[in-house]
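Participant: I would like to see how this sequence folds:
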Amino acid sequence: MISRYSRPEMMKIWSEKNMYKRWLEIELLVCEIQTKIGMIPEGVLERIKKKISIDSSRISEIEKITRHDMAAFLKNISESIGSDSQFLHLGLTSSDIKDTTISLNMRDSLEIIIKDLDNLIEVLKEKAIKFKYDLMIGRTHGVHAEPITFGLKMANWVFEINRNKSRIMRAKDEISYCKISGAVGTYSNISPEVERYVCEKLSLKPEPISSQIIHRDRHAFCLNVLALVGSSIEKMAIEIRNLHRTEINEVQEPFSDNQIGSSAMPHKRNPIISERLCGLARLLRGYAQIAMENISLWGERDISHSSTERLILPNSTILLDYMLYKFKYLMKNLVVFPENMKKNLEKSKGLIFSESVLLELVKSGLSRDRAYDLVKKCSDKVYSEKIGFEQALLNNVEICAVLTQEQISECLNIKSYSKNVDLIVDKLKKID
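Facilitator: Here you go, the predicted structure:
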């Protein structure tokens, strides 16, 4: 992943240096248990540990000849330890080392993403509580529906992000498996005891049954969950973009004094972070699709998945980490305009109270169908005659025969739409 969309902690996990470090760690753990069970003579492991070293540039040179990265790695470390190298990689296949390393990297990456989600949840909770009484119009199909509060919108987002946190935790459990079962997974040249030992040391679980690889449905599950989290961020970013529009102007992305919105138009303050997040979410979904296609391999394995995984596994985790970081920044510094929310509420001339009037008419004895027809006729007059909804209601003889002017006014009381906000927002207390 390019540095523009990367953060150091996540990049470190997927670095070449860390990969070789983990390959070596697993090789040495195998040597440890093989020494304990008598496959490797006493004293060999100590000599190996004292002499062994990794030279990444030398590995690159060797790989140009071998065209096999694991073989190049083994040759390089063998050069540093001499004759004792005969005891390295006993009974192993490349995927034992590589797939176990991928599991470690994915697990560690998901732990970072869980922390990211926790941080975002806290920011969204703060916004939900701060703006819980700030009324705004709720929109369906982009059209005024009924009033909500901005805090309620934020509370919805809190619970969605928390659901995604639960999914990431399940994904972490799904990928935290180790495979040390040799070629085609039969343990024919290595003891299952070796796998159990390595798993215990690495805090992984033994893959119950494997071929030459850990099956890629696990990886596909993880990347689909990552894409799902990205899609939630996209949904929220799209809403920020919509509310940022000049015609609505209820929120605005943070914009620094020296920031430039357009090279041509000095006045522009564009929702660039939200738009960037929407674009990156598309990448995550593309990576998830590739992970799904990687499930279908020939026989006990082929390596058609390998080339793609060098990109999609690190890129998915690095991108989502970045997206969560940027979205947290956006929401923490979001500029909110309650006064514009109030102005927008008034644009539909009271039509947002149509359901309240409908229900009051039904409560007063009219059938629902008749009440609906009456309210709709009044609504139509608001559109055609450019009058307020209250005036249209008062001009309707049949409605006024059922409801008093005071009842009509009470139906149009916007304060009633925030009376249950505390009940809704208090549910945030259930989220740790």
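Participant: Residue 145 falls within a helix, correct?
Facilitator: No. Going by DSSP: H, G, I helix; E, B strand; the rest coil, the assignment for residue 145 is strand, not a helix.
Participant: Leaving out the residues flanking it, which one is nearest to it?
Facilitator: residue 138 (4.7 Å; Cβ to Cβ, 6 or more residues apart in numbering). All C-beta spots, glycine's among them, are computed from the backbone N, C-alpha and C.
Participant: And the strands in the chain?
Facilitator: 135-140, 143-149, 177-178, 205-206, 251-252, 335-336 (DSSP state E).
Participant: partners of the fourth one, with directions?
Facilitator: To tie it back to what came earlier, the one meant is strand 205-206. strand 177-178 (parallel) (DSSP bridges).
Participant: what does the strand it pairs with rub up against?
Facilitator: 100, 103, 195, 198, 199, 202, 204, 205, 206, 207, 214, 218 (Cβ atoms under 8 Å, 6 or more residues apart in numbering).
Participant: For residue 124, list the residues it contacts.
Facilitator: Neighbouring residues of residue 124 by Cβ under 8 Å, 6+ apart: 154, 157, 158, 161, 331.
Participant: Now do the same contact list for the residue nearest the centre of the chain.
Facilitator: Computing the C-alpha centroid of the chain and ranking residues by Cα atoms, centre = their mean puts residue 229 first, at 2.5 Å. By Cβ under 8 Å, 6+ apart, residue 229 lies in contact with 113, 117, 164, 167, 168, 284, 320, 324.
Participant: Kindly provide the distance from the last one to residue 24.
Facilitator: Noted for residue 324: a distance of 31 Å to residue 24, by Cβ to Cβ, to the nearest Å.
Participant: Could I get the buried residue list for stretch 397-414?
Facilitator: Within stretch 397-414, the residues that count as buried by 16 or more other Cβ atoms under 10 Å are 399, 402, 403, 407, 408, 411, 412, 414.
Participant: do stretch 372-383 as well
Facilitator: Buried residues in stretch 372-383 (16+ other Cβ under 10 Å): 372, 374, 375, 378, 379, 381, 382.
Participant: is it true that the last one touches residue 388?
Facilitator: Yes. With contact defined as Cβ atoms under 8 Å, residue 382 counts as touching residue 388 (6.9 Å).
Participant: Find residues that contact each of these two.
Facilitator: Contact criterion Cβ under 8 Å, 6+ apart; residues bridging residue 382 and residue 388 by contacting each: 349, 350.
Participant: follow-up on the earlier one: looking at the buried residues of stretch 397-414, spot the one nearest residue 339.
Facilitator: Distance to residue 339, by Cβ to Cβ, is smallest for residue 414 among the buried residues of stretch 397-414, at 14.7 Å.
Participant: how far away is the closest one from residue 345?
Facilitator: 7 Å.
Participant: Which residues are in contact with each of those two?
Facilitator: With Cβ under 8 Å, 6+ apart as the test, residue 414 and residue 345 both reach 135, 147.
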